[in-house]
Every structure is written in structure tokens, then in C-alpha cells.
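**Q** coords below, sequence missing:
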């Protein structure tokens, strides 16, 4: 007999484009769980309403158009909740499942979790981001009633869950302080890169567009991601350090992309910047293999100080040195594979980039240490063990004695 069924709920990204959710789903499937996923369609990818990949069933819905306003987010999340619930009933009737595994944001999936808990199902709250902190960062502390409502939803998510999964220790502390009932209920499953996917390939010098060095930014370009700091640091390098030999390649997309393009033009950085948009995994690896330095310009705030940046570990997995602001979880991940600038100090960030550009030996040694740290501690092959331990709380593996008794029972039945 197969292992129990898992229904994963996602709103923030389509799947398999969401790397964390897809790694979790594949890990569970390899352990014998029957996995289904409900998620939105992507804008240019993941457009099928239903597909099955590697034995994982994926149901997608058309999301509501949204804007960067509270009303826009409420519309987006409201439509997502309704369509997700309808599809969850469809999956329940068609395939069945034993546990709801919900990834935030939003923190409102607990409502679906409550419904299915009444039907005897388990609920796992997989906290990718601290949604209240994200709201406060995006809206600069405005609309405190909505912020308090989000704090309440977060508390409800913690209290509804049988198991809570966080991406780092800082988020685990938040769960224990604001709703988790016991420490054994909360598991840290870090966003470790999958080593099988992050393999270095011979660098293609054409990707540097005639420049000697390439800086790389990979990831979402939202208000909290601080990509503008990378552009201001590039301006420092070009105008104050006199560097004309450097290209900043920005890989990804997000609601700030258009404004970042305008900012690059205003700063007269067009000859030194290249926006690629979203790339396939293979193309992203081509750019990272050609890059000399990876940038993590996330500024210090109540969200980023307690968040683990996947891009930082992606740079490390590709053997690239990192320049970042000195945030607690970033330092915890990268350790001596990065140079750290005082939070939000652009001049210091740029100076660290210049230091690495002028010291090839330092770049190579930091990149080597980063890759080693990923291999020994941070890769998904190691961090996913905590995911399986979390599931063992709900579905303990049968002991040898139990397996023997089951075998005898089956034989007797024949």
C-alpha cells in the first residue's frame, strides 16, 4: 500500500516554478506519499489547468488581477481562497488525501485547514514569509488595523496547525512566541539548493556583453527585496570608483521591475545593466556560471532580518562569492562566503564589490567555501530530512515488528 495522501496549497507562485514547494513535493513523492498541488497559473508559464509531473498531480486556477494596494491584495487572496477551496473538494472526491500542507502567504489557508480538520485531516502550516512583517514593510507602517488583522490570521494559522514548518530559526522563535503550542510542533526546513540542479558549467564570456566582470542578482524584484540598492551600488562603482568594466545582470521579475528599469535609466546605468526577466533553470545556471559575484541587496527591516534568502545560497551553490547587507539570517547562511556591509549603507556595499573585483584569489576562496558549506550543511539533500521528520510526527514509520505482523495478517488472509 502507498503512503498517505498530501494536498499542498500555494498562492504566491505557480508550481513547479515555486522552487521550495516543488522540492518538498518531490521529496514527499519519493517517500511514497501521494501528492497533489493546488496553485495559481503563471503569467507566461504553468498555464495548464491540470497536469501530472513526476507522479505529482497539479491543479491550477486563473488568479485575479491584482495591484500593489490593500484592496488589490484582498481581491487576489479572496479569489484564491474561493478557487482553492473548490479545487480542494474536487481533489478530495477524486483522489482523497490525509493532510493539507499549506504554504504562505497568505495566512488565510487555515480556514480551509479548519474545514478539513473537522473531516479528520491533518493541517501543516508551511511558513515561507512573515506575512504581517511583509505587509508593514510594503506599506511603511500604514493601515495598522489591517496589520493587526494579519497578526490574528498568523496566530490562527499557528493554532490550527498540527505541524508548523519554518525556513529558519528566527521564524521558529516567532512561531513559538505567537501561537505554537509546543516546541516539538515546529520544524525548521531551510531553503537549501538542490545540488543535483546547481552544477557549474563552463562560463560563456558572451553573457558579459563586452565587460570584464559580471555581477548577478537572481530572484523576485519586490518592494522588500532592495534591488534598488544594487543599482545605487553600481552607480557608486561607475561614477565614484571609475569602473567601466562591470555589468550588472538582473535575473527575475516582480512588481518593482518596471520602476527598476526606469531607475537604471535615470542613473544613466543602461550600458552597465541587463534585465533578463525570468529564465529557465538552465539559462539561469549559464548566467551564474559566467558571473563573478552574487549580490544580496536585501535591506534591514523586520521582515528581512528574520528571512533566509534563497538567492544567497544559490550563489554559494554555484561557487560564487556574495556581497550582502549584514542581516542575521544572511550571515547565518553564508558565514565567510560573503562580505557584509553595514545594513542599508550603499557606499559600503559598493566598496565590498570593488574589493572582490580587485582580488581574484579572494573571490575564488570565498566561492569555494560557499560551495563547501552548501554541500556539507545547507543543501536540500540535508535540510529535507527535517521535512520528513515533521511528517513522521503525523505518520510514524512502521516498526519491524509491525511490518512482520502485517505480513502475517496478509498471508493469513490469503
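**A** Alright, I've got the coordinates. The structure presented is a predicted model; accordingly, all values stated were derived computationally and were not measured.
**Q** ok, residue 379 touching residue 193?
**A** Yes. Taking contacts as C-beta atoms under 8 Å, residue 379 lies within contact range of residue 193: 6.0 Å. Every C-beta, even on glycine, is put in place using the N, C-alpha and C of the backbone.
**Q** Mind listing the shared neighbours of the two?
**A** Both residue 379 and residue 193 are in contact with residue 317, where contact means C-beta atoms under 8 Å, 6 or more residues apart in numbering.
**Q** what about the closest residue to residue 241 other than its chain neighbours, neighbour count?
**A** Nearest non-adjacent residue to residue 241, counting by C-beta to C-beta, 6 or more residues apart in numbering: residue 354, 5.3 Å away. Neighbours of residue 354 under the rule other C-beta atoms under 10 Å: 18.
**Q** wait, what's in contact with residue 354?
**A** Contact analysis of residue 354 by C-beta under 8 Å, 6+ apart lists 237, 241, 243.
**Q** Can you verify my assumption that the first one contacts residue 243?
**A** Yes. Taking contact to mean C-beta under 8 Å, the distance of 4.4 Å between residue 237 and residue 243 places them in contact.
**Q** which of the two has more neighbours?
**A** Taking neighbours as other C-beta under 10 Å, residue 237 and residue 243 compare with residue 237 leading, 24 against 20.
**Q** And the pLDDT for the more buried one?
**A** On the pLDDT scale, residue 237 is placed at 98.
**Q** need the next SSE after whichever helix or strand the residue nearest to residue 241 is part of, C-terminal direction.
**A** Counting by DSSP states H and E, the element that carries residue 354 is helix 346-357. Note on helix 346-357: by DSSP H and E, the next helix or strand toward the C-terminus is helix 360-373.
**Q** who does the next helix or strand after that next one touch, helix- and strand-wise?
**A** Following helix 360-373 in sequence order, the next helix or strand is helix 380-394 (DSSP H and E). When contacts are defined as 3 or more C-beta pairs under 8 Å, 6 or more residues apart in numbering; DSSP states H and E, helix 380-394 sits against helix 19-30, strand 122-127, strand 163-166, strand 186-188.
**Q** Turn those into TSV, including mean pLDDT and distance to residue 179.
**A** Output for those, formatted as TSV (pLDDT from 0 to 100; distance: least, C-beta to C-beta, whole Å):
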stretch	mean pLDDT	distance to residue 179
helix 19-30	95	22
strand 122-127	98	10
strand 163-166	97	9
strand 186-188	96	10
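**Q** How about the helix holding residue 354, which residues are buried there?
**A** In terms of neighbour count (16 or more other C-beta atoms under 10 Å), helix 346-357 has its buried residues at 346, 348-354, 356-357.
**Q** what does stretch 144-153 give?
**A** In stretch 144-153, counting by 16+ other C-beta under 10 Å, buried: 146-147, 150-151, 153.
**Q** For residue 39, grab phi and psi.
**A** phi -160, psi 170 (degrees, to the nearest 10).
**Q** and what of residue 293?
**A** Residue 293 adopts backbone torsions of phi -140, psi 140, taken as degrees, to the nearest 10.
**Q** correct me, but it touches residue 353?
**A** Yes. Look at residue 293 against residue 353 with C-beta under 8 Å: they come within range, at 6.3 Å.
**Q** Now list whatever residues contact both of the two.
**A** 215, 323.
**Q** Give me the three-state assignment for the nearest residue to residue 179 once chain neighbours are set aside.
**A** Distances taken as C-beta to C-beta, 6+ apart put residue 158 closest to residue 179, at 2.9 Å, once the chain neighbours are dropped. Following DSSP: H, G, I helix; E, B strand; the rest coil, residue 158 is assigned to helix.
**Q** Go ahead and confirm residue 158 touches residue 178.
**A** Yes. Residue 158 lies in contact with residue 178 (C-beta under 8 Å); the separation is 6.5 Å.
**Q** Let's see the distance spanning stretch 235-253 from one end to the other.
**A** From its first residue to its last, stretch 235-253 covers 21 Å (C-alpha to C-alpha, to the nearest Å).
**Q** buried sites along it?
**A** For stretch 235-253, by 16+ other C-beta under 10 Å, it's 235-238, 243, 246-253.
**Q** returning to that earlier point: spit out the contact partners of the residue nearest to residue 179.
**A** So residue 158 contacts 125, 164, 175, 178-180 (C-beta under 8 Å, 6+ apart).
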